[in-house]
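*Asks:* Predicted model, plus sequence, below.
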Amino acid sequence: MPKAGSRLVTLSLLAALSGCLDNSGVSTRSNTSGQIENPSPSVPGSATGVTVSWNANREKGVNSSGGGYRVYYSKTGSIDANTPFVTVANAGGNTPTTTRLSGLASGTYTVGVIAFSAANPTGSSGTQTTVTVP
């Protein structure tokens, strides 16, 4: 439950994660559109930063060695190749689904979570959300 004064924003992200296959070449999670489900982040803000959490991507490659998530954040309103990010990597078969972006100045940030794997190290573009740090 978010603390009083925090803002909770939930956004569903869908992006194609082509190349995230198991060793047999078979995708372990897809829907009828052929897209892989990216995480759905929740972003409560506080005076010093935001905690970003999301639902795990069930794609086997994301949850294996070389896989994980990148949490991008920007005050410019867009996310591109120069946007800072935090990598939340797979650690011994366990890929965490939360991270804290600390030391952020007051303002509105665009935040996005992108799943990646060893087969698709850049991941794919995902939907973004905004959060205000007081």
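*Replies:* Alright, I've got the coordinates.
*Asks:* Point out where this protein drops to low pLDDT.
*Replies:* The model of the chain has pLDDT under 70 over residues 1-47.
*Asks:* rerun that using 80 as the cut-off
*Replies:* Low-confidence segments of the chain (pLDDT under 80): 1-48, 92-94, 124-127.
*Asks:* so where do the helices sit in it?
*Replies:* Applying DSSP state H to the chain gives no helices.
*Asks:* what's the longest strand in it?
*Replies:* For the chain, the strand with the greatest residue count under DSSP state E is strand 107-116.
*Asks:* Show me what it pairs with in its sheet, parallel or antiparallel.
*Replies:* Strand pairing for strand 107-116, using DSSP bridges, gives strand 68-74 (antiparallel), strand 129-133 (antiparallel).
*Asks:* And the strands in the protein, which stretches?
*Replies:* Under DSSP E, the chain gives strands at 14-15, 36-37, 49-53, 68-74, 85-89, 98-102, 107-116, 129-133.
*Asks:* now these as TSV including distance to Lys60 and mean neighbour count?
*Replies:* C-beta here means a position set from N, CA and C on the backbone, and glycine is covered the same way. Converted to TSV, these look like this (distance: least, Cβ to Cβ, whole Å; neighbours: other Cβ atoms under 10 Å):
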stretch	distance to Lys60	mean neighbour count
strand 14-15	17	18
strand 36-37	11	23
strand 49-53	21	21
strand 68-74	13	22
strand 85-89	15	15
strand 98-102	21	16
strand 107-116	11	22
strand 129-133	26	18
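*Asks:* Would you format those as JSON lines with distance to Val62 included?
*Replies:* Putting these into JSON lines (distance: least, Cβ to Cβ, whole Å) gives the following:
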{"stretch": "strand 14-15", "distance to Val62": "12"}
{"stretch": "strand 36-37", "distance to Val62": "8"}
{"stretch": "strand 49-53", "distance to Val62": "16"}
{"stretch": "strand 68-74", "distance to Val62": "7"}
{"stretch": "strand 85-89", "distance to Val62": "10"}
{"stretch": "strand 98-102", "distance to Val62": "15"}
{"stretch": "strand 107-116", "distance to Val62": "5"}
{"stretch": "strand 129-133", "distance to Val62": "20"}
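*Asks:* Good, we can wrap up now.
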